[in-house]
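Student: Have a look at this fold, sequence not included:
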């Protein structure tokens, strides 16, 4: 069995009871997105595949905000499979730097870390946060956290710190402005940018319809 097949089995087991927006199917979609983007890029496909499969193996949102659990879990699995240490380090660097942290936060990549594979997997993950599926995931997680759908009295906060973003309990619709609508301009690859533009327009149309229905105009 290949390392990719073993990784797929491992991830499916780890995420068997995960929240619907961060389950195996999320991983599978990101994996497919990454392969699609990688076709147009010169990259290490093994690193891209492993990083896409392991990027959300233990999301900090479901582990009291601990951002170290995911990388540790991924490293332990890969080392147990006796994978080359250089590949392991590359994958872990991607996992540690892939997420949209929110707030006023700058990623700090090590100087010797090649970012081509990061850019591919990061775009693949961000694509799953926008468009029709992004909308579905956002409201699914909002329901999971028992958040209001929308409250006109609570405006989106675009000046949050990283900690404020992580701990926010604002209405779900605010998340569109605090993250989803920002992702189009944060894509790294040409393929990612093209797909993101289409999904961004879909979200804008959704919001227009939402507000119209909210106000009883449609």
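Tutor: The structure has been received and is ready for your questions. Note that the coordinates shown come from a computational prediction; the quantities given were computed from them, not determined experimentally.

Student: what about the protein, any weak spots by pLDDT?
Tutor: Counting by pLDDT under 70, the chain contains low-confidence residues at 58-66, 100-114, 218.

Student: What segments of it are helices?
Tutor: 3-14, 24-38, 45-54, 69-80, 85-97, 116-127, 131-144, 162-167, 174-178, 190-214 (DSSP state H).

Student: Show me what stretch 17-30 is in contact with.
Tutor: If you take CB atoms under 8 Å, 6 or more residues apart in numbering as the criterion, stretch 17-30 is touched by 11-12, 15-16, 52-53, 55-56, 59, 61-62, 121, 124-125, 127-128, 133, 136-138, 140-141, 144. For the C-beta atoms, the positions are set from N, CA and C on the backbone; glycine is no exception.

Student: and that stretch, how far apart are its ends?
Tutor: End-to-end distance of stretch 17-30: 19 Å, with CA to CA, to the nearest Å as the criterion.

Student: How about stretch 17-26?
Tutor: Start-to-end, stretch 17-26 (CA to CA) is 13 Å.

Student: Report the buried residues of that stretch.
Tutor: The neighbour-count check on stretch 17-26 (16 or more other CB atoms under 10 Å) flags 18, 19, 21, 22, 23, 24, 26 as buried.

Student: who touches the most centrally placed residue in the chain in this structure?
Tutor: Closest to where the C-alpha atoms of the chain average out (CA atoms, centre = their mean) is residue 125, at 4.1 Å. By CB under 8 Å, 6+ apart, the residues touching residue 125 are 30, 33, 52, 55, 56, 98, 99.

Student: quick one: it from residue 34, how far?
Tutor: 8 Å (CB to CB, to the nearest Å).

Student: Now list the buried members of the contacts of stretch 17-30.
Tutor: For those, a burial check counting by 16+ other CB under 10 Å picks out 11, 15, 52-53, 55-56, 59, 61, 121, 124-125, 127-128, 133, 137-138, 141.

Student: can you tell me how far residue 154 sits from residue 182?
Tutor: For residue 154, the distance to residue 182 - CB to CB - is 18 Å.

Student: quick one: the closest residue to residue 202 other than its chain neighbours and residue 29, what's the gap?
Tutor: Using CB to CB, 6 or more residues apart in numbering and skipping residues adjacent in sequence, the residue nearest residue 202 is residue 131, 5.2 Å away. Going from residue 131 to residue 29 by CB to CB gives 11 Å.

Student: okay, those two: which has more neighbours?
Tutor: Per other CB atoms under 10 Å, whichever of residue 131 and residue 29 has more neighbours is residue 131, with 20 against 17.

Student: contacting residues for that one?
Tutor: 198, 199, 200, 202, 203.

Student: Tell me the one among the residues you listed nearest to residue 93.
Tutor: residue 199 (27.0 Å; CB to CB).

Student: Neighbours of that closest one, how many?
Tutor: Neighbours of residue 199 under the rule other CB under 10 Å: 22.

Student: and it, what does it touch?
Tutor: Contacts of residue 199 by CB under 8 Å, 6+ apart are 127, 130, 131, 132, 134, 184.
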